[in-house]
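K.L.:
Please work out how this folds:
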Amino acid sequence: MKHFLGILYEGAAQAWQQLMANKLRSFLSLLGVTIGIFCIIGVKSAVNSLEDNIRSSMQKLGDDVIYIEKFSWAEDPGSNYWKWMRRPNSTYAEFEALQERLELADKVGYWQFLGVKALKWHSSSVEGTFILGMTDDCRDLFQLDFAGESRYFSPIESQNGSDVCILGGVVAENLFGTGVDPVEKVINVGGRKLRVVGVLNKSGKDIFKPFNFDNGVLVSYNLARRGFGIRADGNMHQSSLLVKAAAGVSLDDMKDEITGVMRSERRIKPRDENNFALNTLSILSGLLENVFGTMNVAGFVIGIFALFVGMFSVANIMFVSVRERTNIIGVKMALGAKRWFILLEILIEAVVLCIMGGLIGLVLIWIVATAITYAFDFDIYLSLSNILIGVVTSVVVGVLSGLIPASQASKMDPVEAIRK
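P.N.:
Numbering: from 1, shown residues only. Have a look, this model is predicted:
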């Protein structure tokens, strides 16, 4: 072990001497390794951070909720657009049927888009705010996050269609500013006066926001039907149904039961296909995995080309190093140094050089990731696993780049080497 540590120290010392002897040559030679590690690990770190951010957003909504809509998330929207547009909207009657007939469901929700309207409070106003009418269970199905002491509609308010509303975080800030508590304030929503009972926290720095209510106003469905003139059949307004499976119920069983109720309600003939789609967040997760895989492959390909350049550059340094130390190698062999000793010494020197280049690349990734995190409020991190991958990759490149020079050095004739 002591002997091996001596070889390791000697190789590291010689690598440092090579770097200091010709700084420009060494810098240009290690640049390929640095760029390669930066591309491979940088892209991998960015993808991992993005993937974690998106998956955490999905976990907030849960993976046991089924969204009944016109469009299938698994298909290209442009391929069957007109076919899907001809499908009927979800209706409140279907919501009631699902509530009554589903035995495997824990919660059933229904929401309907009411259009875009202007909000006013005293002299302040906000244009282009979307309005949604929701049933009671939507609070839990959407995992609504309330700020402070604000709340969702009470059962009585929801049943009676009371003139109350909930504001998205951005809407509330734009309408009231930062120094006024919106709760219990009366605002004008498209010409109708509503009392604010709740304010949602902003969705934050999540990149993927499947349901973003920052710029919206939520009202109870009964108020939407009574005060905003929507029709129970869902026509003229986008609408959707949500079903959460009960604990221990598989999504496949839940889908089968939903399909039976929906086909019955819509009176679809046995041989006709469904005119609705059952979507889950796992569909989006599968699509995103393909995107992440493509990004990782792109970074890997770019990085591999850079590493090849770096590998040949380091190999060139090692050939020069062996040539400059030919007589020293001859003396070592004449004094009894084994061929494997010379081979290992040169290999360690090449590996140390590549590790230095890789560490520079990792430091650059950390600097860029930190800058992006502070500039765009999105966490990009350099994980320990990615650091280890970068170091191991540098070691492999070092071994490959130093193998031929080390082999040539170990096969020298001691007498001929001393004469040079």
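K.L.:
Give me the next element, helix or strand, following the helix or strand encompassing residue 260.
P.N.:
Element membership for residue 260, per DSSP states H and E: helix 251-266. Going down the chain from helix 251-266, the next helix or strand is strand 277-279, by DSSP H and E.
K.L.:
and that following strand, which strands flank it?
P.N.:
If you go by DSSP bridges, strand 277-279 pairs up with strand 65-69 (antiparallel).
K.L.:
what angle sits between the longest helix seen in the chain and strand 65-69?
P.N.:
Secondary structure assigned by DSSP state H gives helix 281-324 as the longest helix of the chain. Counting by axes from the mean of the first three to the mean of the last three Cα atoms, to 10 degrees, helix 281-324 lies at 110 degrees to strand 65-69.
K.L.:
about what we covered before: format the CA atom coordinates belonging to the helix holding residue 260 as PDB.
P.N.:
Extracted C-alpha coordinates of helix 251-266, given in PDB (Å, rounded to 0.1, in the frame of the first residue of the first chain):
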ATOM      1  CA  LEU A 251     -56.800   3.700 -11.400                       C
ATOM      2  CA  ASP A 252     -57.700   1.100 -13.900                       C
ATOM      3  CA  ASP A 253     -60.700   0.000 -11.900                       C
ATOM      4  CA  MET A 254     -61.700   3.600 -11.300                       C
ATOM      5  CA  LYS A 255     -61.500   4.300 -15.100                       C
ATOM      6  CA  ASP A 256     -63.700   1.300 -15.900                       C
ATOM      7  CA  GLU A 257     -66.300   2.500 -13.500                       C
ATOM      8  CA  ILE A 258     -66.200   6.000 -14.800                       C
ATOM      9  CA  THR A 259     -66.400   4.800 -18.400                       C
ATOM     10  CA  GLY A 260     -69.500   2.800 -17.600                       C
ATOM     11  CA  VAL A 261     -71.300   5.800 -16.000                       C
ATOM     12  CA  MET A 262     -70.300   8.300 -18.600                       C
ATOM     13  CA  ARG A 263     -71.300   6.000 -21.500                       C
ATOM     14  CA  SER A 264     -74.600   5.400 -19.900                       C
ATOM     15  CA  GLU A 265     -75.200   9.100 -19.300                       C
ATOM     16  CA  ARG A 266     -74.300  10.100 -22.800                       C
END
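K.L.:
Report the buried residues of that helix.
P.N.:
254-255, 257-258, 261-263, 265 (16 or more other Cβ atoms under 10 Å). Where you see a C-beta, it was placed from the backbone N, CA and C, and this is true even at glycine.
K.L.:
export the residues you listed to JSON lines and tack on pLDDT and distance to residue 74?
P.N.:
Below are those laid out as JSON lines (pLDDT from 0 to 100; distance: Cβ to Cβ, whole Å):
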{"residue": "254", "pLDDT": "91", "distance to residue 74": "17"}
{"residue": "255", "pLDDT": "91", "distance to residue 74": "13"}
{"residue": "257", "pLDDT": "93", "distance to residue 74": "20"}
{"residue": "258", "pLDDT": "93", "distance to residue 74": "17"}
{"residue": "261", "pLDDT": "92", "distance to residue 74": "22"}
{"residue": "262", "pLDDT": "93", "distance to residue 74": "18"}
{"residue": "263", "pLDDT": "92", "distance to residue 74": "20"}
{"residue": "265", "pLDDT": "91", "distance to residue 74": "23"}
